[in-house]
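Engineer: Sequence below, structure please.
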Amino acid sequence: MNKSNGISGKPGLYVYHTAQCDPKKCTATKLLRLGLAKRIQRLSFIPRNAIVLDPFSNTTITYEDRTNVLLHGLVAIDCSWENAEQLFTSKIRAQRRRLPEMLAGNSINYNVKNKLSTVEAFAGALIICGFSEQAHEILAKFKWGQNFLQLNQIKS
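Structural biologist: Prediction:
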């Protein structure tokens, strides 16, 4: 149990999947298939008070979001980077947070700043909120998962 707030456990991970990428390379598809995340069918189904990872938000996720993430979940919207801005400006009823600058470790955008895959975005947010074990668990499902940790100087 966490002594600071009396809360323990793992936060729920949710994905709104737009199917705009190659399913063989899609990290969200793999997380869903492995049961490590739950699919959200419509943006209106995002759990109220959940934290939505939004690269265009003015607010950065911090450890202070930990309780909210644990109680209501963390949501990633899996879409093509070409369509991201349009999708994120739509009506999403939730708290939006962006990640601080991070380097991608995935094979498609390796070492590119802020062009993270869905699993990297989840992992970054989980680490910031103090859920490192869960972040390592989901990254371990990808050959390049350790690259993300190394590039961002996150200790295992």
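Engineer: separation between the most centrally placed residue in the chain and Lys10?
Structural biologist: Nearest residue to the geometric centre of the chain (Cα atoms, centre = their mean): Phe122, 2.3 Å. Distance, Phe122 to Lys10, using Cβ to Cβ, to the nearest Å: 12 Å. (Glycine included, C-beta is placed from N, CA and C.)
Engineer: same thing with Ala104?
Structural biologist: Noted for Ala104: a distance of 24 Å to Lys10, by Cβ to Cβ.
Engineer: Show me what counts as buried in stretch 142-156.
Structural biologist: For stretch 142-156, the neighbour count (16 or more other Cβ atoms under 10 Å) marks 142, 144-145, 147-149, 151-152, 154 as buried.
Engineer: now swap in stretch 63-79 and tell me
Structural biologist: Across stretch 63-79, burial judged by 16+ other Cβ under 10 Å covers 65-70, 72-79.
Engineer: hmm, which two among the residues you listed are most spread apart?
Structural biologist: Within these, Thr67 and Cys79 form the most distant pair, 27.9 Å apart (Cβ to Cβ).
Engineer: Do you have the helices of the chain handy? List them.
Structural biologist: Using DSSP state H, the helices of the chain run over 27-33, 66-72, 84-88, 118-128, 132-139, 145-151.
Engineer: Let's have those in JSON lines, adding distance to Cys21 and mean pLDDT.
Structural biologist: Converted to JSON lines, the helices of the chain look like this (distance: least, Cβ to Cβ, whole Å; pLDDT from 0 to 100):
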{"stretch": "helix 27-33", "distance to Cys21": "8", "mean pLDDT": "94"}
{"stretch": "helix 66-72", "distance to Cys21": "25", "mean pLDDT": "95"}
{"stretch": "helix 84-88", "distance to Cys21": "12", "mean pLDDT": "66"}
{"stretch": "helix 118-128", "distance to Cys21": "9", "mean pLDDT": "97"}
{"stretch": "helix 132-139", "distance to Cys21": "18", "mean pLDDT": "96"}
{"stretch": "helix 145-151", "distance to Cys21": "18", "mean pLDDT": "95"}
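Engineer: Which of the ones you listed sits closest to Leu43?
Structural biologist: The closest of the helices of the chain to Leu43 is helix 84-88. By Cβ to Cβ, the value is 8.6 Å.
Engineer: Of Ala104 and Lys10, which one has the most company?
Structural biologist: Per other Cβ atoms under 10 Å, whichever of Ala104 and Lys10 has more neighbours is Ala104, with 22 against 12.
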